[in-house]
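>>> Provided below for reference: sequence and predicted model.
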Amino acid sequence: MELADRAIGLLLSVISLSIFTYYTLWVIILPFVDSDHFVHKYFLPHEYAILIPVYAGVVLICLISMFVGYVMLKSKKKKA
């Protein structure tokens with residue numbers, strides 16, 4: 001079981017590092033590259049650089065709120 005946990009941790013680390021590198025290149029480096037350069041075809045339009053994190057944040061806040069509400073309701077039932 002310990003080996004599976006380490007493999008999952010490594011996989012999550014690699015995915016996180018890949019997303020961070022892609023986003024950093026997209027937001028910080030790409031604006032300084034000529035717009036007709038071939039590398040632009042590998043990235044989404046710049047509007048999505050703001051929209052994706054905003055929507056992800058809203059979804060994360062909603063999920064956390066639902067979890068907290070569920071835990072509060074569950075603990076209220078145990079007291080009664």
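Cool, the structure landed.
>>> which stretches of this structure have low pLDDT?
80 (pLDDT under 70).
>>> same thing but at 80, please
Scanning the chain for pLDDT under 80 picks out 1, 78-80.
>>> what's the helix or strand for the residue sitting nearest the centre point of it?
Nearest to the mean C-alpha position of the chain, by C-alpha atoms, centre = their mean, lies Ala56 at 6.5 Å. In this structure, Ala56 is located in helix 48-79 according to DSSP states H and E.
>>> So what's the gap between that helix and the chain middle?
For helix 48-79, the distance between its averaged C-alpha position and the chain's averaged C-alpha position is 15 Å (C-alpha atoms, centre = their mean, to the nearest Å).
>>> and the gap between the residue nearest to the centre of the chain and Ile50?
Here the criterion is C-beta to C-beta, to the nearest Å. By it, Ala56 lies 11 Å from Ile50. Where you see a C-beta, it was placed from the backbone N, CA and C, and this is true even at glycine.
>>> Kindly report the same for Ile28.
For Ile28, the distance to Ile50 (C-beta to C-beta) stands at 14 Å.
>>> Just the buried residues of the helix holding Ala56, please?
Judged by neighbour count using 16 or more other C-beta atoms under 10 Å, helix 48-79 contains no buried positions.
>>> just stretch 13-31 next, same as before
For stretch 13-31, by 16+ other C-beta under 10 Å, it's 26, 30.
>>> which other residues reach that stretch?
The contact list for stretch 13-31, computed with C-beta atoms under 8 Å, 6 or more residues apart in numbering, reads 39-40, 43-44, 46, 49.
>>> The same query, at a cut-off of 6 Å, please.
The set of residues external to stretch 13-31 that reach it, using C-beta atoms under 6 Å, 6 or more residues apart in numbering, is 43, 49.
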